[in-house]
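Asks: have a look at this prediction, sequence included:
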Amino acid sequence: MINGCFFCPIYFYIWKTKEGTTMKRTIIMIVMIATLFTGMIFFSYAQRQQVVRADQPNITGQYGITIDADTGEILYGKREDERSYPASIGKMMTTLLLLENVKEDEEITVTENAIKTESQSKKIKLRAGEKLKRDEALKLMLIISADPIAESIAEHIAGSKNEFVKMMNARAKELGTKHATFKNASGADALGNKVSPYDIAIITKEALKYPIVLEYMNSIHTTLHTSERSPKIANYGREELYDDPYAIGSKSGLSALGKYTVVTVDEKDGKRVINVVLSSTRTQLYPDTKKMAHYAFQQLK
């Protein structure tokens, strides 16, 4: 029964009484119409919510979230508050601290410790003593995902890995993360180095306040400039985003414990969303985020 119809007999009784004046009858009619209209709106809303829930995508990734990049509103979630290993998308926290604490013209030196303790990228081998300006270091971290540069950034900012990790966790807490416990600057597998999809999403939201972040998240081919060389670098995996017409950037990761992880940014009709997937597969990583973004945009209409 539509909300309000229960009261119809009562209104009818008052309507029929001799004491009822024209004004009383008018008021009763207004109340009846308003009550009926409210009930119809509620019923329509409930139906729409049922349809939205039914259309929610089923993703391969074990954990996922999509948020509005402007408001932070959660538009899709799958175990979004549960923790897993971030792999290289943990570098989004390092990205934010780099931009907040290092000036554009500052040089970051690749340290001997970083070369010894961090895995080198197959795409470029960094050398101890090599220097990079801040934005070049960021480029190397977001496009090539080089672990030694992340460690070198940590030492440049905080003096040591341990002190930088403290900064990471403190800043993450300020942003409102619920579960993040960073153990290194690179996102590499380590005991307790875990985040939730929600954590990465809100960290990325903050990092996107710097336009250069999205610029590098959307880059495939570019030139790296260091104190010793200017090699061409590329991230061919990002070409997979071409299947998603609204994708404008991504940062992916892979590790033994974290499996395939990714954070992507999509934009449509002036609306921008951030998608995060943890613990997925190679073939379904980007199809997952595409489905999530499509679902999110439907809710933002």
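Replies: Right, received. Where do you want to start?

Asks: quick check, pLDDT for Thr26.
Replies: Per-residue confidence at Thr26 stands at 62 (pLDDT).

Asks: same question for Ala234.
Replies: Reading off the per-residue confidence, Ala234 sits at a pLDDT of 87.

Asks: count of residues packed around the nearest residue to it once chain neighbours are set aside?
Replies: Distances taken as CB to CB, 6 or more residues apart in numbering place His221 nearest to Ala234, at 4.9 Å, with adjacent residues excluded. The way it works is simple: take the backbone N, C-alpha and C, and place the C-beta from them, glycine included. Each residue near His221 was counted by other CB atoms under 10 Å, and the total is 11.

Asks: tell me the spacing between His221 and Ile233.
Replies: 8 Å (CB to CB, to the nearest Å).

Asks: same question for Val102.
Replies: As for Val102, its distance to Ile233 is 21 Å (criterion: CB to CB).

Asks: same question for Lys301.
Replies: Relative to Ile233, Lys301 is positioned 39 Å away (criterion: CB to CB).

Asks: again, but for Asp199
Replies: Distance of Asp199 to Ile233, computed by CB to CB: 28 Å.

Asks: so which of those two has more stuff around it?
Replies: Neighbours were tallied for Asp199 and for Ile233 using other CB under 10 Å; the higher tally belongs to Asp199 (28 against 18).

Asks: which helix or strand contains the more buried one?
Replies: Counting by DSSP states H and E, the element that carries Asp199 is helix 197-207.

Asks: that helix - contacts with which helices or strands?
Replies: Contacts defined by 3 or more CB pairs under 8 Å, 6 or more residues apart in numbering; DSSP states H and E place helix 197-207 against strand 63-68, strand 74-78, helix 91-101, helix 161-175, strand 259-268, strand 271-280.

Asks: switch the cut-off to 7 Å
Replies: strand 63-68, helix 91-101, helix 161-175, strand 271-280 (3 or more CB pairs under 7 Å, 6 or more residues apart in numbering; DSSP states H and E).

Asks: closest to Leu140 out of those?
Replies: Of all the helices and strands packed on helix 197-207, helix 91-101 sits nearest to Leu140, with 10.5 Å by CB to CB.

Asks: the closest one vs strand 271-280, what angle?
Replies: Using axes from the mean of the first three to the mean of the last three CA atoms, to 10 degrees, the interaxial angle of helix 91-101 with respect to strand 271-280 works out to 130 degrees.

Asks: parallel or antiparallel, which strands does the helix or strand just after helix 91-101 pair with?
Replies: Note on helix 91-101: by DSSP H and E, the next helix or strand toward the C-terminus is strand 107-109. Partners of strand 107-109 in the sheet, by DSSP bridges, are strand 131-133 (antiparallel).

Asks: identify the residues contacting whichever helix or strand comes after the strand it pairs with?
Replies: Taking DSSP H and E as the definition, the helix or strand that follows strand 131-133 towards the C-terminus is helix 134-139. Outside helix 134-139, the residues that touch it by CB atoms under 7 Å, 6 or more residues apart in numbering are 95, 98, 102-104, 106, 108, 149, 153, 212, 216, 222, 224-226.

Asks: show the average pLDDT along helix 134-139.
Replies: Mean per-residue pLDDT for helix 134-139: 98.

Asks: can I get the helix or strand that it is followed by as CSV, trimmed to CA atoms?
Replies: Stepping forward along the backbone from helix 134-139, the first helix or strand reached (DSSP H and E) is helix 147-158. As requested, the backbone C-alpha atoms of helix 147-158 are provided in CSV (Å, rounded to 0.1, in the frame of the first residue of the first chain):
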residue,chain,number,x,y,z
ASP,A,147,62.1,1.2,-6.5
PRO,A,148,65.6,2.8,-5.9
ILE,A,149,64.3,6.3,-6.7
ALA,A,150,61.5,5.8,-4.2
GLU,A,151,64.0,4.9,-1.5
SER,A,152,66.3,7.7,-2.6
ILE,A,153,63.4,10.1,-2.2
ALA,A,154,62.7,8.8,1.3
GLU,A,155,66.3,9.4,2.3
HIS,A,156,66.4,12.8,0.7
ILE,A,157,63.3,14.0,2.6
ALA,A,158,63.6,12.3,6.0
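
Asks: what's the offset of helix 147-158 from the middle of its chain?
Replies: With CA atoms, centre = their mean, to the nearest Å as the basis, helix 147-158 stands 23 Å off its chain's centre.
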